[in-house]
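Student: Kindly return the folded structure for what I paste below:
(one chain, ligands or ions: 1)
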Amino acid sequence: MGDDCEGLAEECIAYGADVAVYHDDERLERFLHKPYTEIAAHMARGKGTVESTDWRDYDEPRYILFPATNNGRDLSAKVQAELDSGLASDCSDLFIEAEEVSNPVKTGEPGVKKTFEKVLHMKRPDFSGFEYSTILCLDNPGREFHPQGCSVIPGSFEPIERNPDRDGLVVEHDMDLEDDWFRVEITDHDRLEAGIDLTGHDVIVCLGRGIADDPTEGMELGLELVDAFDDAALGITRGIVTSSYQFEGHVESYSNEERQIGETGQVVAPDVYIAAGVSGAVQHKVGMDESDTIVAINTDPDARIRDFSDYFIEGDLFEVLPRLTEAVESGGLGLEPEAVADGGDE
Ligand SMILES: Cc1cc2nc3c(=O)[nH]c(=O)nc-3n(C[C@H](O)[C@H](O)[C@H](O)COP(=O)(O)OP(=O)(O)OC[C@H]3O[C@@H](n4cnc5c(N)ncnc54)[C@H](O)[C@@H]3O)c2cc1C
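Tutor: Take a look at the predicted model:
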């Protein structure tokens, strides 16, 4: 869906699609909830394609995948609600397999097992951020949930190699778009300057919710450590972005999304990554675990980040950060195990 998107439909064929359906309209240049939802649901119901009888004889797709981008997340929820089906958001792995189920809600009878064929298994981190869950969208007896839908984090899969000689069918979708769907009018737009780029620095100091006892002081201590290095930058976890901490003074400008590291933020791989007060949720880990040396500072000796840190300092960041800053200023952070050993009084 979009303005002048036939060429993109052809690209889909080059990337492995057998059929690509597109809807062109100059009013669709920018993402708008209502028309995009109506068109996608109309397509999913198998309507509006003149050649439909030539290319398919079913009217309900088994699966529907959306990108877990800002717009894709919006659209996925609205389209799946419109189609009265379910949605697993932010998936990072998918596979299709038969599934044997004994839950009476799904089988219709206690004690009976039923095999569901071709079930889409949708893997995503659970809400704790520490385990993966597999989500299934199984029909109830007498009730079909179609299509099985999910949004997928961009970059989760290697793209198929582009083959411009591939054959496929490009189909134009036909549907009257009601004026009423365009009540929201975009009168002007601007492309924002690229935000803060955290990639390419030698060192990243990342702060997490461990600063909660005094967020302003925590942020200042993090920035002092950043300044002690020649080439370092400050990153934060999503825990900070979504917190309601009251920051005072200039540190507030360091607390927004453009400094977030992780699955829905930036992916960094510096020489040294210092994570202070960060628990190590899956969504944070994928944004930093390619770093050469990971140093974690945490009061909890069982914090998950310990599993993928090279050095773990069990301690309070309000005490440890100033000492690290002092160490770097006075000649470098000697990353020898004995220099920053676990725990210890000194
Ligand atoms: C769809 C989705 C996408 C997400 N994307 C991201 C993402 O891109 N990036 C991201 O970071 N998160 C992301 N999250 C959130 C993620 O699941 C975690 O909730 C978040 O990373 C936790 O942030 P945190 O480590 O700062 O906070 P917490 O998990 O609360 O951890 C705080 C840590 O600080 C320690 N601590 C407390 N006091 C001190 C102290 N004084 N000194 C030292 N240590 C202390 C605690 O022991 C704890 O380990 C996402 C979640 C979802 C559902």
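Student: Residues of the stretch 151-300 of the chain that sit close to the ligand?
Tutor: 208-210, 213, 237-240, 260-265, 277-279, 281, 283-284, 287, 297-300 (CB under 6 Å from any ligand atom). To be clear about C-beta, it is placed using only N, CA and C from the backbone, and glycine gets the same treatment.
Student: cool, the stretch 1-150 of the chain as well?
Tutor: Asp90, Gly129.
Student: List the contacts of the residue in the stretch 1-150 of the chain that the ligand sits nearest to.
Tutor: Ranked by CB to the nearest ligand atom, the top residue of the stretch 1-150 of the chain for proximity to the ligand is Gly129, at 2.7 Å. Taking CB atoms under 8 Å, 6 or more residues apart in numbering, we find Gly129 in contact with Ser279, Ala281, Val282, Gln283, His284.
Student: Let me know the pLDDT of it.
Tutor: Reported pLDDT at Gly129 in the predicted model: 75.
Student: which non-adjacent residue is nearest it?
Tutor: Once flanking residues are discounted, Gly129 sits nearest to Ala281: 2.9 Å by CB to CB, 6 or more residues apart in numbering.
Student: same deal with Pro141?
Tutor: Gly108 (3.6 Å).
Student: quick one: contacts for that neighbour?
Tutor: Counting by CB under 8 Å, 6+ apart, Gly108 has contacts Lys114, Asn140, Pro141, Gly142.
Student: Filter these down to the buried ones and hand me the PyMOL line.
Tutor: Applied in PyMOL, the following selects the buried portion of those according to 16 or more other CB atoms under 10 Å:
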select buried, resi 114
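Student: Tabulate the contacts of Gly108 in CSV, adding columns for secondary structure and pLDDT.
Tutor: Converted to CSV, the contacts of Gly108 look like this (DSSP: H, G, I helix; E, B strand; the rest coil; pLDDT from 0 to 100):
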residue, secondary structure, pLDDT
Lys114, strand, 94
Asn140, strand, 90
Pro141, coil, 90
Gly142, coil, 86
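Student: of the contacts of Gly108, closest to Glu319?
Tutor: Asn140 (55.8 Å; CB to CB).
Student: residues touching that closest one, list them.
Tutor: Val105, Lys106, Gly108.
Student: got it, and Ile261?
Tutor: Leu198, Ile204, Cys206, Gly235, Ile236, Thr237, Val267, Val268, His284, Gly287, Met288.
Student: quick one: Leu177 from the ligand, how far?
Tutor: Separation of Leu177 from the ligand (CB to the nearest ligand atom, to the nearest Å): 32 Å.
Student: now Glu252
Tutor: 17 Å.
Student: Looks to me like that residue is in a helix.
Tutor: Yes - when classified by DSSP: H, G, I helix; E, B strand; the rest coil, Glu252 is found to be part of a helix.
Student: Tell me how many other residues surround it.
Tutor: 14 (other CB atoms under 10 Å).
Student: Excluding sequence neighbours, find me the nearest residue to Gly168.
Tutor: Once flanking residues are discounted, Gly168 sits nearest to Ile13: 3.4 Å by CB to CB, 6+ apart.
Student: cool, Leu321 as well?
Tutor: For Leu321, the spatially nearest residue (CB to CB, 6+ apart) is Leu221, at 4.1 Å.
Student: what about the helix or strand where that neighbour lies, average pLDDT?
Tutor: Taking DSSP states H and E as the criterion, the element that holds Leu221 is helix 215-228. For helix 215-228, the mean pLDDT works out to 97.
Student: Please put the alpha-carbon coordinates of it into PDB.
Tutor: Extracted C-alpha coordinates of helix 215-228, given in PDB (Å, rounded to 0.1, in the frame of the first residue of the first chain):
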ATOM      1  CA  PRO A 215      18.500   9.300  38.900                       C
ATOM      2  CA  THR A 216      20.200  12.700  38.500                       C
ATOM      3  CA  GLU A 217      23.200  11.800  40.500                       C
ATOM      4  CA  GLY A 218      23.400   8.400  38.700                       C
ATOM      5  CA  MET A 219      23.300  10.000  35.300                       C
ATOM      6  CA  GLU A 220      26.000  12.600  36.300                       C
ATOM      7  CA  LEU A 221      28.300   9.800  37.500                       C
ATOM      8  CA  GLY A 222      27.800   8.000  34.200                       C
ATOM      9  CA  LEU A 223      28.700  11.100  32.300                       C
ATOM     10  CA  GLU A 224      31.800  11.700  34.400                       C
ATOM     11  CA  LEU A 225      33.000   8.200  33.500                       C
ATOM     12  CA  VAL A 226      32.200   8.900  29.800                       C
ATOM     13  CA  ASP A 227      34.300  12.100  30.000                       C
ATOM     14  CA  ALA A 228      37.300  10.300  31.500                       C
END
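Student: Tell me what angle the very next helix or strand once past it forms with helix 215-228.
Tutor: Next helix or strand after helix 215-228 toward the C-terminus (DSSP H and E): strand 232-236. Inter-element angle recorded for strand 232-236 and helix 215-228: 150 degrees (by axes from the mean of the first three to the mean of the last three CA atoms, to 10 degrees).
Student: other SSEs contacting strand 232-236?
Tutor: Secondary-structure packing of strand 232-236 (3 or more CB pairs under 8 Å, 6 or more residues apart in numbering; DSSP states H and E): strand 203-207, helix 215-228.
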